[in-house]
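J.: Any chance you could fold what I've pasted below:
(chains A and B)
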Amino acid sequence: MSIIIKDLNKVYPNGRHALKNINLEIPSGMFGLLGPNGAGKSTLMRILVALMEPTSGSVDVYGYDLRKQRKEVRGILGYLPQDFRFFAQYKTYEFLDYAARLSGMNNTKMRKKAVDDMLENVGLFDVRERYANKLSGGMKRRLGIAQALIHSPKVIIVDEPTTGLDPEERIRFRNLLSKVSGEDATIILSTHIVGDISSTCNKMALLNQGEVSFVGSPQDMLKQAEGKVWRVRIAGDQLTEIDAKYPVIATIPTANGWEVQVVADEIVGYDAEPYTPNLEHAYVYYMENQLNLWTND
Amino acid sequence: MKLPLQFIYNIQSVAKYESKLLLRSWFFKIFMILAIFVLTIFNLSVLVLTDIGYYVNPWLLKAVSANIPYVNILLLNIGQAVVAIFLASDFLKRDKQLDTSEVFYVRPLSNAEYVFGKIWGNLKVFLLLSIVIIGITLALNLVSENTSVDWAAYGTYFLIITIPTLVYIMGLATFLMLTLKNQALTFIILLGYIGVTIFYISDKFYYIFDYMAYSLPLFKSSIVGFSDLALVLNHRAIYLFFGLGFIFFTIFLFRRLPNSSRGHYPWIALSFVFFGIGILSAYNHANSTISQDVRRAVFVKLNNEYVHSPRMLIDQYKLSVKQNPNSIDVVAEVTGVAQDTTNVLTFTLNPGLVIEQITQNDSSLNFERKEQILLVDFGKEIYPSDTLTLSIKYSGDIDEAMCYLDIPEDQLREGNSSFMINIGKKYSFITEDYLMLTPETFWYPKPGTAFSDESPDWQQTYFTNFTIEVDPIEGLTPVSQGIMSKDSLTGKFLFKPDYLAQTISLLIGEYKSKSILSDSVTYSVHYLEGHDYFSHIFDSIHDTIPTLIRDQRGNLERRYKFKYPFDRFSLVEVPGQFKGFTRAWTRAQESVQPEMIFVPEKGFLGWDFDILSNFEDQFMYAKWRGKEINDKEAAIGVFRDLGWTFYGSGGNYSRNEGARGREEIRITGGNPYFIFPLLFNFKYNIYSSQWPIANRAIELYVLDEVNSSGWTRNYNGISDGEKANLLMRDTPIKELLADEEYRYLTDQFIMLRTSNLFTEAEIGAGVKVLRDSLFSILEKNTFKNLKFEDLLDTLGVIGKADIHKSLKKWDSVTPLPRYTIGTPEVKHIKNPDKEIFVFAIEVSNDSDNEGIINVDMYIPGPPSSDPKQKRKIVFAPRESKRIVSHWETAPRGVRINTLISENLPSYIYQYFNDVERLRNVTIEPEGDFTITRDSIDNSGEIIVDNEDSTRFSTTAPEPIGLLPGWLDFIENDTFKYHGLTWNAPLKWTATTAVSYYGKYIRSALVIKSGDGSQTATWKVPIEEEGKYDVYYHYTMDRYSWYWRSGEYLFTIKYGDEIEDAYINIRSADNGWEKLGVYDLKPGVVEVTLNNKSESRSVIADAVKFVKR
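T.: This is a model prediction of the structure:
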């Protein structure tokens, strides 16, 4: 079972072409959607959860046509929107119960158990009587994922879930998602944080300026960046100079200057040595070279 | 909708959480607490602790207990309607603001489920609140004494008031919110809408805009229930369906992708279906009233057509009535004489009653029916004085459109309410267990036509012999005029009035009665089963009641100088909706009929009918007077108080819009239970084919009530009498009487004209003699038809005057005389042989029209019948008179009423403070002496008054903004003079009062004190050089309640000089105040007064120059 996106376009009434001919096949498992802010990730997510209508193209979700069978699609969907901060005056467990009810969990007893289990799962059981508005940022996110998972959906779409979370919360969150992905569901994780994807997804796509510029596994992405990442040692006054020449990923002060990591096909005229790339490097390399986003001149 | 269960379940889920939100919002919590608090206090004070809070008559609610839920639900409904708007417009906005709402939008529920859920969730909470309030009301209703619980009313009012209102307002609010996309705008528009419907539209447009049912008549009688439940339900259907239409439309407008791509369309289709039903209901509703208007117009047109057609005079009616659940079967046998030579006679019968057969001497007659008009064809010529007997058989029910054709539509439709209870208006009842037929319904055939707006000929009342035989539905008892007997075999009742009556009424219901005999008159109360809430109080004074009645009757007969003519007097309980109107030609409203007065159920409209409370209050009143009373005395007190309901002519002071939104006080209505018609209108019949107001004219003349409520004149700026004068100067009285706009002045027109009519005769015979003669003529004509013109001739013989001739003048306009009235003087003369007070005044008629004035002297001491004290003096055109009279005691004052004249105010009174004492002088003889005009004018005085438009001028302030300019433009100045209130006017405003100076019109211009920018200027021509004393005519501001202080500032400009002058208000008296002495040369002197003053207002009146 998979999600098949064909020739998807979205043009906003103001003329902005947010999605351009998107073609994607998303298999079950965890799928990462990477891209800078404004790349069209949220637009794609919102189309996938039937909050927005595409201008053209089709989406097939597990055999259902998204433009015609929204009810069916909505029935198998879990969604955590990018912004998840402002709640109506509901208690934590009420929010979850409401979500469960609307997803057709009619049996009161079973629903109550599911809600309690889920609260336990996301570590919110102790604050179940607290108003959702009074939860901390991390707790809100966890409540968000809880509501997206409460009805065991087949497709889970999470939009920028880790924004604003501290590292511990973020790890916890990733683990929670991984656990669900083991249960034969499709999870689409949209993010601009490369780390979220590298640690969890087995397939990913890169979205930039409304277009898909890469589809594959994170490893494929890494491969493309092998031998293109360098560690350069420079004197204190050379930092501005190198920053202008190459995309700098990291800057670490040393005793007599700086140690910087840069992405480039080759480095000339500096004390440079190759460096094993991670996904973040690959992402920057990709953005730099494949899309010519940054110009060095 | 494959899964209707899931559909309901989803709605419930959304609703459950929406309700939670509403209950958690502060706004609603405060409203809820406030609503519960206010209504609990209201119910406690009105129903339980009736001693506090006399802001509403508790009896209104207690007597007809359906009013308890009615008022409570109505009050709550207004609050809910406002709050619901806010909340309903809020919920979609909230959705937009909260980013977490989207996680619900992606659930598989449909848009319809979501919108329904939201609305149902809100609605549920409001309904719950209603139920809580109803519960509290019910609990307090149960513990309240002296009332009952109308269980059904609780449910009915909830269903017909609360539910449609909430559905409608929530639907409308969400709809507007989605189309306008602005909560503030939505809220303001809807709040404005509520305000407009309550305060402006209220009962207009047949209540069609009254979505809250705030003005819609929803009174539920304890006798007949709702007057027209079908109409009410239809009205509520308008809003229920519009509300549903809006809700369904909201689903269409809702900004979430529908579950299926064509998910919208069924809802929008349904929405239009609901709008359609709503529009249909609205059309039905409006049409029910409009069609009534159309029918009324048809009826009047037919009346106009047949008003002069031949008719008979009926001497005898034998009516046989069979009551059916929703109709009556009647056989009317009428005997009378024809008036003209004709084949066809005209009758009028209510168009709801269908004629089956008409026979004469057992042979059928042909007849033609045109709505209410019945034309009976005798098949041969009949001649005047032929005695005819007809039998008319008919059945059906009453078409109320036939009633009150003379009353303008807007008056018919005017709300009839007390406190918040909208009672509605019914003129007859034919229900399964109640029947009420009064003459206005034309339930039996009457000769001629009903109201015609073209000829007064229609209005012919005659005394007739009635007999009614009634066959009521089993278990019910009829009430009618006359002696009642019951045939025990047939179960039929027979009523036979032992007098000739003009009209007859029939009521049938579960009537019980209590009677008491006093001075051979049987006094009865006919009440409906279960409504005896009074006898346990009055049982203790059973033996005293005849004496109490004798006293009250004695007082009444002395006051009005007429005897009560019937052997019976009954108070009959009727449904609350029964309503009558004041007519131009009689003081009797429909609630007063021969020998009986109809009182609305348990007298719920009157405080005095709350017998138990009044009984308890009597002890309190006695305590205040420092007395202890026992139960019997308290009961006597209650009985006496009850009497007041019937003794006053009543009338309500009501505010009406005058010029520029200025309110006018008018006396409207009249006490519908006033007993006087039983002493006059049903006893005498003064008829005139020319003047249908004849009865009224004589009635007003004999009552001789002077409407001299000065405060209304102050408020309105002109009295009704003065208004009537000015109108009659330009328009014949017949036209004025037909003009709806001046209906409130009817009595004034008639009163002024009648008093004028009799003046000559009063002078000829003396007022008292003439009046006494009139009383004895009337008494001789008890229960007889008396022709107005014959009456006038008889009185003319007594008064040595041709009254009949004066009556002819009624056809034309009344030219008005105007009088100059000199300063009255009183001299105390002590001569050796005689000590006497001599009063003298000079009055001049300055017009070419003759006139009459009244001169009334105030003489201390007991009232005397000395004709000198109240005199009428006739003035020929241009005639001047010196009126001299002698008095043994000092006259205190004089009141001169110029009656029909141009003088304003029409009366002038003057008190004599300085009496000149003289000794040994010749005493001026008594009498009225014609003098020359010149002697009245004070020579050597130059006076310029504000009425002198060539010599007096004022400044006008610049209008600020568009609105005042527009108001000026539309200002309707039918009457130039305005009243004064606590708020002094911002521009010079003309007003009249006795204390102002004026030759014919005692007027002045008043302005609020200010910065001195507004001025009034008098230009005084000086012909002779010399030293002049300059005076200003000052009048104290009558609304100045605080200590008078401040000055009036003047400038006096003569030649090249400008001098300041002032009047110190503190020391000034009303009248001429001296400004100073000036040496003047021939030319024009300008005296200017400005509005800078510490006083509340500045009054510009007149200046006087006197040469030394």
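J.: Identify each buried residue in stretch A:26-38, please.
T.: Neighbour-count burial for stretch A:26-38, counted by 16 or more other CB atoms under 10 Å in any protein chain shown, picks out A:26, A:28, A:29, A:30, A:31, A:32, A:33, A:34, A:35. Backbone N, C-alpha and C define where each C-beta goes, glycine included.
J.: Could I get the contacting residues of the second one?
T.: By that I understand residue A:28. A:1, A:2, A:184, A:185, A:186 (CB atoms under 8 Å, 6 or more residues apart in numbering or on different chains).
J.: hang on, the first one packs against residue A:154?
T.: Yes - counting by CB atoms under 8 Å, residue A:154 is a contact partner of residue A:1 at 7.1 Å.
J.: The closest residue to residue B:548 other than its chain neighbours: how many residues sit nearby?
T.: Spatial nearest neighbour of residue B:548, excluding adjacent residues (CB to CB, 6 or more residues apart in numbering or on different chains): residue B:639 at 5.6 Å. Residues within reach of residue B:639, counting by other CB atoms under 10 Å in any protein chain shown, total 21.
J.: which of the contacts of residue A:28 are buried?
T.: If you count burial by 16+ other CB under 10 Å, the buried members of the contacts of residue A:28 come out as A:2, A:185, A:186.
J.: So which of these are in strands?
T.: Cross-referencing the buried ones among the contacts of residue A:28 against strands under DSSP state E gives A:2, A:186.
J.: For the buried ones among the contacts of residue A:28, give me CSV that also has pLDDT and distance to residue B:309.
T.: Converted to CSV, the buried ones among the contacts of residue A:28 look like this (pLDDT from 0 to 100; distance: CB to CB, whole Å):
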residue, pLDDT, distance to residue B:309
A:2, 86, 96
A:185, 85, 95
A:186, 90, 95
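J.: So which of the buried ones among the contacts of residue A:28 is the closest to residue B:676?
T.: For the buried ones among the contacts of residue A:28, the minimum distance to residue B:676 (CB to CB) is 92.7 Å, reached by residue A:185.
J.: Can you tell me how far the closest one is from residue A:141?
T.: To residue A:141, residue A:185 is 19 Å away according to CB to CB, to the nearest Å.
J.: how about stretch B:1100-1108: buried residues?
T.: B:1100, B:1101, B:1102, B:1103, B:1104, B:1105, B:1106, B:1107.
J.: before we move on, what about stretch B:319-331?
T.: B:319, B:320, B:321, B:322, B:323, B:327, B:328, B:329, B:330, B:331.
J.: hang on, isn't the first one packed against residue B:328?
T.: Put plainly, it is residue B:319. No - applying CB under 8 Å, one finds residue B:319 not in contact with residue B:328, separated by 10.2 Å.
J.: can you count the residues close to residue 284?
T.: Reading this off chain A. By other CB under 10 Å, the burial measure for residue A:284, its neighbour count, is 23.
J.: Actually, chain B is the one I wanted.
T.: 15.
J.: Same check on residue A:265?
T.: Residue A:265 has 10 nearby residues by other CB under 10 Å.
J.: Residue B:793 now?
T.: Residue B:793 has 13 nearby residues by other CB under 10 Å.
J.: what's the helix or strand for it?
T.: When elements are assigned from DSSP states H and E, residue B:793 belongs to helix B:788-799.
J.: ok, and what's touching that helix?
T.: B:686-688, B:690-691, B:694, B:697-698, B:757-758, B:760-765, B:769-770, B:773-774, B:777, B:802-804, B:807.
J.: Give the buried residues for it.
T.: Per 16+ other CB under 10 Å, helix B:788-799 contains these buried residues: B:788, B:789, B:791, B:792, B:795, B:796, B:798, B:799.
J.: residues from chain A in reach of chain B?
T.: A:49-53, A:67-72, A:74-75, A:77, A:79-81, A:83-90, A:94-95, A:98-99, A:101-104, A:106, A:132, A:144, A:147-148 (CB under 8 Å from any CB of the partner chain).
J.: From those, keep the buried residues only.
T.: Members of the residues of chain A next to chain B classed as buried by 16+ other CB under 10 Å are A:49-52, A:67, A:69-72, A:74-75, A:77, A:79-81, A:84-85, A:87-88, A:90, A:94-95, A:98-99, A:101-104, A:132, A:144, A:147-148.
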